[in-house]
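> Sequence and predicted model, in that order:
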Amino acid sequence: MKEKLLISGCLLGKKVRYDGCHKKLDCIDQLFKTFEIYSACPEVLGGLPIPRLPSEVQGKHVIDTNGCDVTAYFKRGAEEALKICKKNSIKTALLKERSPSCATKVMYDGSFTGGLIDGMGITTRMLKENGISVFSEEEVTKLIMMYVK
């Protein structure tokens, strides 16, 4: 039986990013061979449209480029992603680095200038707090090697 994996929809090639694009991984076929895949975009699950304004974490809030506080959408999306994991007994996630939802180690600094800071996105934090291992797309090879039989 394959390990179950929650993966950011944009990494699977779904056009769910803020800009209406995707960040499809080259190793998608290997992921499907190795894991039972569950796709999710926390921002869309939280009620945000495609496309949407870029958003970055500023303190305890997520703010879009118009200055609107969109934190509630990000929290709702994190809760929905966690529900998917709990309902399907998913213990591992592969999420998009730098995203205010999905960052695992590094995210944009909130200035909308491309600067980066250490930090976790809202969904990553919630999943980790609930015992789910979270990897970024930058660690995909490591993740696959952990589960290749």
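Great, that's in hand.

> Leaving out sequence neighbours, find the closest residue to residue 102.
Leaving out its chain neighbours, the residue that sits closest to residue 102 by CB to CB, 6 or more residues apart in numbering is residue 95, at 3.5 Å. Where you see a C-beta, it was placed from the backbone N, CA and C, and this is true even at glycine.

> Read off the pLDDT value for the one you found.
Note on residue 95: pLDDT of 98.

> again, but for residue 147
The model's pLDDT for residue 147 equals 87.

> What's the separation between it and residue 36?
Distance, residue 147 to residue 36, using CB to CB, to the nearest Å: 11 Å.

> Now do the shared contacts for the two.
Counting by CB atoms under 8 Å, 6 or more residues apart in numbering, the shared contacts of residue 147 and residue 36 are residue 3.

> helix or strand for the most centrally placed residue in the chain, which one?
The chain has residue 102 as the residue nearest its centroid, 3.1 Å off, counting by CA atoms, centre = their mean. Using DSSP states H and E, residue 102 sits within no helix or strand.
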